[in-house]
Structures are given as structure tokens and as C-alpha cells.
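[1] Please find the sequence and the predicted model below.
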Amino acid sequence: MRRGPRNHLSERLAERLEQLARLLEQLANRFAPIADRLEPLANRLAPFAGHYGSLRHLRDPRLALLGAANLLDKSSTSIVVPLLPLYAERLGAGPILLGLVFALPTAVSALLSAPAGYVGDRLARKPLIVAGTALSAVGVVGLAFVSDPRWLLAFRAVDGVGSAMRTATTTAYLGDLADDGSRGSVMGAYQTLGMLSVALGPALGGTIVGASTLSAPFLVLGGLTALGSLALLRLPGTERTGNASNSEAIRSLSASDLRLRAAATPTVLALAVSAAVSAVGTDALNPLLAPLLRATVGAGPSYVSFAWGCLGIGLALFVPVGGSLADRGGRKRGLVVGKALWAAVAVGLVVGGHPLAPPALLALGGVASALSGPALGALRYETAPSGSEGAFVGLYGSLGAAGATAGPLLGAVAADAFAPAVAVVGVGLLWGIDALVVAAFVSEAQPSDGAR
């Protein structure tokens, strides 16, 4: 009896499926030993993966709104570093003016961060966050309309004012949102979105320049930041504010009062010293890295950019982990480990002569910053007297901005007097001293002034 065509096709299909099943069985048998070896590694990584659960805090609409605004703001700010020098030169800016263009926002922030945080404590945080983000948008958008290079200074100063107004008050607002058991995770989740902007801003800026003009990225990304400031109008206020009236707050605002109160405890004084020292080291490294890598591994501009990118990757990937560890293992531990790792990275950059060493070391530096950043934000908030969190966070910000202003100059002087390698070792020494200061004097205990 002849078989029909359908029966014949069914038999052939059954044969092919049987062959495929045998092939899959062979592959499974071959990969079974590998899977057995990877199982212990997977079991070890499972708790580590759990640290990324800190990102669940972004489900909170308030944190999501702040994080989105931070992403837009830092994206617009991050286009300044690669594009502004070219833009300023086309406008006729000389080396001195260009240096002022980059230094001025930090200097303005150094002057205004502590007063802004203080006013946020006494009045409210939300108005300063919204206004600061809006001013930063104006400072970036305004660059697109400049024809005289001297106007660059004005808009960069506006950006510095905006940064001073929003940074300390945002940190204090985040601290208000979280409890002691989750404050590190909240800080880490917020900072994760900011770290994504490090890659997003330059990439978008380069794309826009390719399709338009050199001024267009400032207009587009600054405009997005302006939209972020409008979205922040929906941000609810926090309950934690001072009781002083507006006139009392303004009359009592004095730098001497802040300095005297800051020196009240060893922890706060140590955090203040750490803020300045770490900022000097961090910003001193910026002008030193390129000449150091050129001397050690013969690096060109593309290699240096790639190495810096590895720093951003390590930071973005591990910030949620740092926030989670700060809650589970303590703020101080994460802070000390992060600073000590940076000291080792600096020395490694000098002695590591292999081309793969600098990218790997800077990625480790990103991990170090990820460990210390959320822990530092939580610790600064928690060790401040109740009702003065913004003022103290602002004070640390002012000291850090002052250190960031001095850092590049000190790094350049050290490199000129000695060599880039010696200067980078000096940077590592600063970070080592910073870690020792934190380990010796910082306590995670709450203030004893009865405020908490």
C-alpha cells in the first residue's frame, strides 16, 4: 500500500526533529561540566546581584522626578567639558579667559553652597531645587547665543549659582525622604541616573554637532534641563524644615556661625577636611592624567578618552551596589575603602606600564567612587544637627568646590616643578591621608546635641 505525500512529509519531519533532539542532547552533555563549574560562581554572585535592588527606590515618584531632572541637568553640563573649549576658541577666547570660564562656576559654588543649604533648612528645599535647576538651564542655553567671549563668564557664573542652590538642598531633600536603614540606597539610586548622563551628554552633544552647529548642543540639552525644572514644580515639599521666620533666617546667616558650629564635633570637622582634601586630589588628577599616560604607555587622545570612559562605566555600574553596602555594612566602611582604593589607583597609574593597566585602574577608581559616594551623602546628612542638614551639606560642598578650584592649579604646579608621575603619587598620598582622617575621626554615631 503506497503512502501518501502527507505521511511521507510527516516521517521526514519526525526524523529531523529526532536529529535535532540528539544534537541538543550532545550539546547539553558537553556544556554540563561547564555549567557545574559555573554554579558555585553563580551562587556567590547571587547576593551581589541583590544589591541592585536598591534601584527599586526609583519607583518613588519623588525620587524618580529628582533623578530624571538630575539626568537632564548633568547631561547638559557634561557637554561643556568637551565642547566649550572649541566653542570659546571660535569666539576668540584666549587661554586665560578659557581657564576662567572653567574655574568660575566652581568658585561661585564654593561661595554660595553653604548659604544656599542654610536657607533651604530655614525656609524650604523645593524652591531652591527648582530655581537652581532653572538657573543651570539658563547658564547652558545662554552659551548658544553668545557672540562676545566675555559673556561666557556671565553664563558660567549663572550655572555656578544654580549648582550651589540645588546641590546641597537636593542631598538634604533625599535625606529627608529616606530613613536611616535606606538612606545610602536612596542616594545610590539617585546618583546612578546622574552617572548615566556622563555618557549620555557627550554622546548627544557630538551627535547634535554633527547634524547642526557647535552651539546647538547647548541650546538643545539646556532646553531639556529647563523642562526638567518645570517638571520639578510637581515635587512635593518635605516635612523637615526649620522654624525660623524668613527675616530671622536671613539675619542669622553668617559664615562665622557656620564655621563655629561645624567645628563642634570631630566627625563634622573630619568630614570638612576630607571634603577639601579629596576635591584637591580629584581635580588635580584631571590635567595630570593625559601627560602621565603619554609618558608611561605612549597614549594619545583617543586612549585617554577611553580610559576616562572606563572610570564612568565602573562608577555607573556599581553606584547601586555602593548605596546598598552603605546601608548594610555602614557608611564609614564604604567611605574609607573607597578613598583607600583611589590612593592605590593613583600609585598604580604611575607604576603600571602595560597598556591595559590604566583603563583597568580607572574602572577600579569608578568602583571606589561608587562605594564612597552614597555612603558620604548619607553620612553628611546623618551627622548634621537636626534642622541644619542642608547647611552642613552645603558647607561640605563649599569646601569641596574650593578644593576643586585649587586642585588643577596645584597639580599643574607640581607637574611643572617635578614630573607628572611625582604629582600623581602626591595625589595618591592625599587620598591616603584622607582615608586615614576618616578612619580615625569620623563616627557613625548621631550628634549628641539632642537634635536627633
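    Cool, got the structure. Residues are numbered from 1 along each chain as shown.
[2] Please state the backbone phi and psi of residue 356?
    phi -80, psi -10 (degrees, to the nearest 10).
[3] One more: the one 4 residues further on?
    In this entry, residue 360 is assigned phi and psi values of phi -70, psi -40 (degrees, to the nearest 10).
[4] Please tell me I have it right and it contacts residue 310.
    Yes. Using C-beta atoms under 8 Å, residue 360 is in contact with residue 310, at 7.4 Å. In short, each C-beta sits where N, CA and C put it, glycine included.
[5] For the helix or strand harbouring residue 228, the averaged confidence score.
    Residue 228 belongs to helix 216-231 when assigned by DSSP states H and E. When the per-residue pLDDT values of helix 216-231 are averaged, the result is 87.
[6] least trustworthy helix or strand in the chain by mean pLDDT?
    The helix or strand with the lowest mean pLDDT-type score in the chain, counting by mean pLDDT, DSSP states H and E, is helix 246-252 (a mean of 43).
[7] now the helix holding residue 228: how far from the chain's centre is it?
    20 Å (C-alpha atoms, centre = their mean, to the nearest Å).
[8] Domain map for the protein?
    Each domain of the chain is listed here as a residue range: 55-235, 254-444, per automatic domain parsing.
[9] burial of residue 77, as a residue count?
    Neighbourhood size, residue 77 [other C-beta atoms under 10 Å]: 23.
[10] wait, which of the domains of the chain is closest to residue 18?
    The minimum distance between residue 18 and these falls on domain 254-444, with 44.7 Å, by C-beta to C-beta.
[11] And the domains of the chain: which comes nearest residue 15?
    Go through the domains of the chain one by one with C-beta to C-beta and the one that ends up closest to residue 15 is domain 254-444, at 48.0 Å.
[12] Where does the prediction get shaky in the protein?
    Per-residue confidence of the chain (counting by pLDDT under 70) places the weak regions at 1-11, 13-14, 16-17, 20-21, 23-51, 81-82, 198-203, 205-206, 238-264, 445-452.
[13] Identify the residue spatially nearest to the most centrally placed residue in it, adjacent ones excluded.
    In the chain, the C-alpha closest to the average C-alpha coordinate belongs to residue 195, at a distance of 5.4 Å (C-alpha atoms, centre = their mean). On the basis of C-beta to C-beta, 6 or more residues apart in numbering, the spatially nearest residue to residue 195 that is not a chain neighbour turns out to be residue 316, at 3.9 Å.
[14] So which other helices or strands are in contact with the helix or strand containing the one you found?
    Following DSSP H and E, the helix or strand that holds residue 316 is helix 301-329. Applying 3 or more C-beta pairs under 8 Å, 6 or more residues apart in numbering; DSSP states H and E, we find helix 301-329 packed against helix 183-211, helix 266-297, helix 331-351, helix 357-382.
[15] Let me have the ones you listed in a markdown table, extended by distance to residue 396.
    Listed next are the helices and strands packed on helix 301-329 as a markdown table, based on distance: least, C-beta to C-beta, whole Å:
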| stretch | distance to residue 396 |
| --- | --- |
| helix 183-211 | 14 |
| helix 266-297 | 4 |
| helix 331-351 | 13 |
| helix 357-382 | 6 |
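[16] Could you single out the most deeply buried of those?
    Of all the helices and strands packed on helix 301-329, helix 357-382 has the most neighbours on average by mean count of other C-beta atoms under 10 Å, namely a mean of 25.
[17] residues near the residue nearest to residue 195, how many?
    Residue 316 sits with 20 neighbouring residues when counted by other C-beta under 10 Å.
[18] I figured it hits residue 196, correct?
    Yes. Counting by C-beta under 8 Å, residue 316 does reach residue 196; the two are 5.9 Å apart.
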